[in-house]
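S.K.: what follows is a predicted protein model with its sequence.
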Amino acid sequence: MNAPIHLQDNGLLRFMTCGSVDDGKSTLIGRLLFDTKTILEDTLTQIERTSKKRGMEAVDLSLLTDGLQAEREQGITIDVAYRYFSTGTRKYIIADAPGHEQYTRNMVTAASTANLAIILIDARKGVLTQTRRHSFLAHLVGIPHILVAVNKMDLVDYDQATFDRIRADYLAFAEQIGLQRQGHDIRFIPMSALNGDMIVDRGEDMDWYTGPTLLEILEAAPAAHTEKAENFRFPVQYVCRPQDSANPELHDFRGFMGRVESGEIAVGDEVTVLPSGRSSKVKAIQLGSDKLDRAIHEQSVTILLQDEIDISRGDMIVKSSEAKEPVKQIDAMLCWLSETPLSPARTYIIRHTSRESKAKIGAIEYRVDVNTLEQQPVQGLGMNDIAKISFRLAQPLCVDRYADNRATGAFIVIDESTNNTVAAGMID
Amino acid sequence: MTTLTRQTLSHLDWLEAEAIHIMREVAGQCERPVLLFSGGKDSICMLRIAEKAFRPGKFPFPLMHIDTGHNYKEVVEFRDKRAAELGERLIVRSVEDSMKRGTVVLKHEGESRNKHQSVTLLEAIEEFGFDACIGGARRDEEKARAKERIMSFRDEFGQWDPKNQRPELWNLYNARVHKGENIRAFPISNWTEMDVWQYIEREGLELPSIYFAHQRNIVMRGGAIFPVNVPLATGEIINQPKADEEIVNMQVRFRTVGDITCTAPVPSDADNVAKIVLETATTTITERGATRLDDQTSEASMEQRKKEGYF
């Protein structure tokens, strides 16, 4: 048998926090970890010691998220850090990204795996340029749930009018970039991370707010892939052919191993293999020694087919009714991640699911200014630039629009000379 | 046997599926990977994940242990037994051989060999031409690991440069390397100590006996429980108490098993996995804080060791 069913296991939620130290982002994360009892005594003792050393009176919860030596020396965050906590009913992975403009690439990285973004606003300052930038990026990378957290309410006397005004400002801006129109769910919460109001506990100073606390919102947020019906997409990672095994039953075993990136599949379903276009039926689905009758999104399984078809790594198994023509040209929003600028004449490698293809730049249509959202004509791209761009491919890829499918609509660009990942793309 | 899956994966199912996906990416992208297996709890979980990822085939990589020569014999025996049960090849390379070759020089006889594993690991990588090492490190273990990639790039000297790591987006991993460079892949990056114990419980995984409560002679040294007079598989006895130290017999278990000279047990009466899960849920000390004597030297010591090629 497979695992016993854990009652009350609401799975796992990945979310990100956008904001700078000044907005109280580190304090918010520290507060979440502290109030969910994730912080243990020795860690607390250590940050108490550091707080004292730096001449602070109270324990500085933001020290909990201090990372590397280099960052501690400079007092800033320069890379995405991952933190974990659990409420007993749900496990959380926080992607903690620095908020400054020069770290657009870190925000995009953190956003790529998040299903919810907490956008922090300082109640004293309201909607700022960086708020717009964070919201645009969260929207670009397709995070379905946006939680606007108006923090430092203690510094504006917990004033409801301030909160209402910031909400109205934000909604006006959201309208401008089409956040809600495009199906994003936007919520607002007033809080004080410093005092712990509306994080896990409600506190006593904001009775006018009757909505859920931050943790209640997180506990109820839908996990990835659960909100709309998606097409079945199964990129083959590895083919298992244990012919040399002593077991004669395995002589004809051909297992196609991969992860269901979206949708679901059941034994007996008709499938098509892309790009070859050959069809068969699912004979069996296995996970270890368990035989499954179906597999759902995000499950790693082995699929056996009824007919002998030549399939290798990089091919994609789809339901025959949901098959699409592979393409050799793509249009995409691209975020350039590398310090080495894009060189339009060069050939790059695109990695899409488990498949790679050489790619040449077609045209750079425009660059987006992440602060003004203005579209500008541009010749080349540098680090943190976001642009609409087209590629010509040497190999056909089985793509979906990123707006329809965050797994099969995404790709990375690799520079063959250094093997570095130099860009992230979202197919239009 | 048919199992019905639900609409959303449980957190353990999700973590397992992610880890399987990562292992298959390593197998699909790299030419000569190796899985580091010490006989410890994290690497025991990794073997179960590898079974789910690749059976009924053989693993597309051998197992390897870098042995300091100062490992608990219960763990070494378990390591050999488990590899044999799985029918997979186990490579053991020892720090003592590096010492004989003169590539590892201890500052003094009593110095812990733990950090010197890096040298032996790099020598083994070169000997076999491995382009990827799959390890059981977790991001929750230590600050310097919180920013570690799932596929972490090391240059030809095995060095980790925190400022020069490849961006890692979605689940699109880039394990490409040039000759001599390699990738350290961490399939259980997103697991916590609690997840590991819950997985061991769910899968009914067998563990070396010293993970469970047992009686042991210890002394208190530098505020930590220090096991003394520990017999090695060779019959040698290590961790001699100092003349002024009082030996106490205490009921303890290990939360992490590493080099005997730098791994401390914790007081515990948890003699089965269910009790350990409960204890893990209520403990007030972090895994490394309680048990790793080598990490307490400086706040940044793990970061330093990683830069030098440590796992």
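M.R.: The structure has been received and is ready for your questions.
S.K.: secondary structure class for residue A:168?
M.R.: Secondary structure for residue A:168, judged by DSSP: H, G, I helix; E, B strand; the rest coil, is helix.
S.K.: cool, and residue B:277?
M.R.: Under three-state DSSP, residue B:277 comes out as helix.
S.K.: excluding chain neighbours, what is closest to it?
M.R.: In this structure, residue B:277 finds its nearest non-sequential neighbour in residue B:197, 4.9 Å apart by Cβ to Cβ, 6 or more residues apart in numbering or on different chains. Glycine gets a C-beta too; all of them are placed from N, C-alpha and C.
S.K.: confirm that that neighbour sits in a helix.
M.R.: Yes - under three-state DSSP, residue B:197 sits within a helix.
S.K.: doesn't residue B:278 make contact with it?
M.R.: No - contact status for residue B:197 versus residue B:278: not in contact, 9.5 Å apart, counting by Cβ atoms under 8 Å.
S.K.: who touches both of the two?
M.R.: Counting by Cβ atoms under 8 Å, 6 or more residues apart in numbering or on different chains, residue B:197 and residue B:278 have no contacts in common.
S.K.: between these two, who's got more neighbours?
M.R.: A count of neighbours by other Cβ atoms under 10 Å in any protein chain shown puts residue B:197 above the other of residue B:197 and residue B:278, at 22 against 12.
S.K.: ok, that one - contacts?
M.R.: Residues near residue B:197 by Cβ under 8 Å, 6+ apart: B:41, B:273, B:276, B:277, B:280.
S.K.: what do you get if the cut-off is 10 Å, keeping everything else the same?
M.R.: Each residue near residue B:197 by Cβ atoms under 10 Å, 6 or more residues apart in numbering or on different chains is listed here: B:41, B:45, B:211, B:255, B:273, B:274, B:276, B:277, B:278, B:279, B:280, B:281.
S.K.: could you pull up phi and psi at the third one?
M.R.: According to degrees, to the nearest 10, the main-chain angles of residue B:211 amount to phi -70, psi -20.
S.K.: wait, is residue A:93 part of a strand?
M.R.: Yes - the assignment for residue A:93 is a strand, going by three-state DSSP.
S.K.: my read: it touches residue A:116, true?
M.R.: No - with contact defined as Cβ atoms under 10 Å, residue A:93 does not reach residue A:116; the gap is 11.0 Å.
S.K.: which residues are common contacts for these two?
M.R.: A:13, A:14, A:15, A:16.
S.K.: quick one: contacts for the third one?
M.R.: Contact analysis of residue A:15 by Cβ under 10 Å, 6+ apart lists A:92-95, A:110, A:113-118, A:143, A:145, A:147, A:217-218, A:221.
S.K.: tell me what it is bridged to.
M.R.: Under DSSP bridges, the beta-bridge partners of residue A:15 are residue A:94, residue A:116.
S.K.: any idea how far it is from residue A:145?
M.R.: Remark: distance between residue A:15 and residue A:145 (Cβ to Cβ, to the nearest Å) = 8 Å.
S.K.: helices of the stretch 101-250 of chain A, start to end?
M.R.: Ranges of helices within the stretch 101-250 of chain A are A:104-112, A:129-140, A:160-177, A:214-220, based on DSSP state H, counting those that start in this stretch.
S.K.: and the last one, how far out from the chain's middle?
M.R.: Spelled out, that is helix A:214-220. How far helix A:214-220 lies from its chain's middle: 18 Å, per Cα atoms, centre = their mean, to the nearest Å.
S.K.: and stretch A:384-399, what's its mean pLDDT?
M.R.: In this model, stretch A:384-399 carries a mean pLDDT of 96.
S.K.: CA atoms only: put it into CSV for me.
M.R.: Taking Å, rounded to 0.1, in the frame of the first residue of the first chain, the C-alpha atoms of stretch A:384-399 are listed here in CSV:
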residue,chain,number,x,y,z
ASN,A,384,17.6,42.7,-15.1
ASP,A,385,16.1,43.8,-18.5
ILE,A,386,12.7,42.5,-19.4
ALA,A,387,11.8,42.4,-23.1
LYS,A,388,9.5,40.9,-25.6
ILE,A,389,11.6,38.8,-27.9
SER,A,390,11.3,36.1,-30.6
PHE,A,391,13.5,33.0,-31.1
ARG,A,392,14.0,30.6,-34.0
LEU,A,393,14.6,27.1,-32.9
ALA,A,394,16.7,24.2,-34.3
GLN,A,395,14.5,21.6,-32.7
PRO,A,396,10.7,21.6,-32.4
LEU,A,397,9.4,22.3,-28.9
CYS,A,398,6.0,21.3,-27.5
VAL,A,399,5.0,24.5,-25.9
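S.K.: buried residues, that stretch. List them.
M.R.: A:384, A:385, A:386, A:387, A:388, A:389, A:390, A:391, A:393, A:397, A:398, A:399 (16 or more other Cβ atoms under 10 Å in any protein chain shown).
S.K.: pretty sure residue A:36 is touching residue A:213, no?
M.R.: No - the pair residue A:36 and residue A:213 fails to qualify as a contact (Cβ under 10 Å) at a distance of 11.9 Å.
S.K.: which neighbours do those two share?
M.R.: By the contact definition Cβ under 10 Å, 6+ apart, residue A:36 and residue A:213 are jointly contacted by A:199, A:200.
S.K.: now do the contacts for residue B:136.
M.R.: Taking Cβ under 10 Å, 6+ apart as the contact definition, residue B:136 lies against B:19, B:35-38, B:40-47, B:49, B:186-189, B:191, B:196, B:311.
S.K.: give me the buried subset of those residues.
M.R.: Buried among the contacts of residue B:136 by 16+ other Cβ under 10 Å: B:19, B:35-38, B:40-47, B:49, B:186-189, B:191, B:196, B:311.
S.K.: which one's the longest helix in chain B?
M.R.: When chain B is parsed with DSSP state H, its longest helix is helix B:11-29.
S.K.: from chain A, how far out is residue B:123?
M.R.: Between residue B:123 and chain A the computed distance is 24 Å (Cβ to the nearest Cβ, to the nearest Å).
S.K.: closest to residue A:373 out of the contacts of residue B:197?
M.R.: Using Cβ to Cβ, residue B:45 comes nearest to residue A:373 of the contacts of residue B:197, at 45.7 Å.
S.K.: quick check, that closest one in a helix?
M.R.: Yes - looking at residue B:45 with three-state DSSP, it is inside a helix.
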